[in-house]
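*Asks:* Mind looking at a prediction? Sequence and model below.
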Amino acid sequence: MAVNDDLLDRAIRHAILIERLTVGEILRQVGFLNREVFPSIVDVTLRGTDQLVSRGLKGMRTERFRSMVRRIAEISQVGYRQFHQRLAAVLDDLSKSEGAWQARAIRVELPGAVPDGLIVPPTGDELRAIRRSLPFRGRVLREWAAKLDVDTRAAAMGAIREGMMARESASEIVRRLRGTRAASFRDGILKKARADAAMVVRTSMNHVAARAHEAVYRANSDLITAVQWVSVIDARTSVTCNALDGQSWPVDRGPRPPAHPNCRSTTVPVMAGFEEFGLRNPDEATRATLDGEVPASKTAEDVLRSMSRARQDLILGKGRADVFRRGVVPFEKFITRQLKPLTVRELEALELRLEAA
């Protein structure tokens, strides 16, 4: 099979693992907010409104109310500052990991006739700059964290004011914020704060991974003729990513993921033909391998079904892989279920095991 087809398979396989990594990071970061930030806001609201609700609008003019507002602001600001610091550390780690993975993926797939050392990795400074200076969806991470803070405070104070104007009890106002146990606390104002935080985690991770891959493409633009868009095709795929899937552009032009909030798309390099690699009279196998052609689009299901059982087990986990092989659940629904979470280090180790499988 041609190098570009192999790289496409590898990119789709890796995108599934990135999804597992992203799921894990969402659980960790939103879990932090659920443990350390949102309960404190609820507790301050309960104690602060307990003696004010009967006074309606007048209660909002008291020092007690202003003190509650300041305390909620402090909790939110400190919490989202920690959210930013925690996620920033993961993203810096991810940029280094993904830059190394993409460079290695190309090296591993090139035929033996290509000299060692031809693929150049991006510099550490370039990878470190991704999280700090390259915006996604119009903001860098620090600005996204600040927006989450402002939005959470505004939503909380809006719920408190509405409840007080309606002369609700303190516990009723808290239900506005937190939701009800019967609905697993998914019907409160803080539900949107959780969803927004999860969006920032998912979109930032997609952004950092895509830009790390892009750094590899730029460093090796003499050997890469194009960049191909690869969408994870399933029931959640957006209209935009469905349309972009399989299209290709020059290294220095064209759209790149994330195409929208919560985007899961990735890209793959299209390697040049054997002439650009300095191979003047290669054998037929090398000529066929380095054909310089853009590969035909594939789905994640196509790639997974073409793999060995051992690789399917590593990527999906044995239990889910068994379900996948039996065809009990349609693939479109199967891939939307939460996969077993990973950390960056676990992702790296899993990629090495997949190479050996």
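*Replies:* Ah, there it is.
*Asks:* The spatially closest residue to Gly273 that is not a sequence neighbour: how many residues sit nearby?
*Replies:* By the measure of CB to CB, 6 or more residues apart in numbering, the closest residue to Gly273 outside its immediate chain neighbours is Gly292, 3.3 Å from it. To be clear about C-beta, it is placed using only N, CA and C from the backbone, and glycine gets the same treatment. By other CB atoms under 10 Å, the residues close to Gly292 number 17.
*Asks:* Is it correct that Gly292 is in contact with Thr225?
*Replies:* Yes. Using CB atoms under 8 Å, Gly292 makes contact with Thr225 at a distance of 6.3 Å.
*Asks:* tell me the contacts of the residue nearest to Gly273?
*Replies:* Each residue near Gly292 by CB atoms under 8 Å, 6 or more residues apart in numbering is listed here: 4, 225, 270-274, 276.
*Asks:* go on, Thr225?
*Replies:* By CB under 8 Å, 6+ apart, Thr225 lies in contact with 250-251, 270-272, 276, 292.
*Asks:* buried subset of the contacts of Gly292?
*Replies:* By neighbour count, with 16 or more other CB atoms under 10 Å, these hold 4, 225, 270-272, 274 as buried.
*Asks:* how close does the residue nearest to Gly273 get to Met68?
*Replies:* Shown here: Gly292 relative to Met68, a distance of 65 Å by CB to CB, to the nearest Å.
*Asks:* try Leu190
*Replies:* Note on Leu190: its distance to Met68, by CB to CB, is 17 Å.
*Asks:* Likewise for Leu304?
*Replies:* Counting by CB to CB, the gap from Leu304 to Met68 is 52 Å.
*Asks:* Strands of this protein, start to end?
*Replies:* Ranges of strands within the chain are 224-230, 248-249, 266-271, based on DSSP state E.
*Asks:* just to revisit the earlier point, quick check: the farthest pair among the contacts of Gly292?
*Replies:* Maximum pairwise distance among the contacts of Gly292 (CB to CB): 14.0 Å, between Val270 and Phe274.
*Asks:* so who does Gly188 touch?
*Replies:* 175-180.
*Asks:* If any of those residues are buried, give me the ChimeraX selection for them.
*Replies:* Per 16+ other CB under 10 Å, the buried members of the contacts of Gly188 correspond to this ChimeraX selection:
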select :175,176,177,178,179
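*Asks:* Go through the contacts of Gly188 and say which is closest to Ala300.
*Replies:* Nearest to Ala300 out of the contacts of Gly188 is Gly179 (CB to CB; 34.2 Å).
*Asks:* Could you check the pLDDT of the residue lying closest to that closest one once chain neighbours are set aside?
*Replies:* The spatially closest residue to Gly179, leaving aside those adjacent along the chain, is Gly188, at 3.0 Å (CB to CB, 6+ apart). Per-residue confidence at Gly188 stands at 91 (pLDDT).
*Asks:* Over to Gly188: give its phi and psi.
*Replies:* With angles defined as degrees, to the nearest 10, Gly188 sits at phi -100, psi 170.
*Asks:* heads up, I number from 389, so please use that
*Replies:* Will do, 389 is the new start, and the previous item becomes Gly576.
*Asks:* I'd like to know how far it sits from Thr437.
*Replies:* Distance from Gly576 to Thr437, counting by CB to CB: 15 Å.
*Asks:* now swap in Leu578 and tell me
*Replies:* Leu578 is 16 Å from Thr437, by CB to CB.
*Asks:* I'd guessed Asp622 sits against Leu692; true?
*Replies:* No. When contacts are counted by CB under 8 Å, Asp622 is not listed as touching Leu692 (11.4 Å).
*Asks:* Looking at those two, which has the bigger crowd around it?
*Replies:* More crowded of Asp622 and Leu692, by other CB under 10 Å: Leu692, with 22 against 17.
*Asks:* and the more buried one, what is it in contact with?
*Replies:* 401, 404, 700, 703-704, 712.
*Asks:* can you map out the helices along the stretch 439-588 of the chain?
*Replies:* 451-497, 512-521, 529-553, 558-566, 578-607 (DSSP state H, counting those that start in this stretch).
*Asks:* those helices in the stretch 589-738 of the chain, which residues are they?
*Replies:* Assigned by DSSP H, counting those that start in this stretch, the stretch 589-738 of the chain shows helices spanning 627-632, 672-677, 688-693, 697-704, 706-714, 719-722, 732-744.
*Asks:* closest one to Ala534 among the strands of the chain?
*Replies:* Nearest to Ala534 among the strands of the chain is strand 654-659; the distance by CB to CB comes to 28.1 Å.
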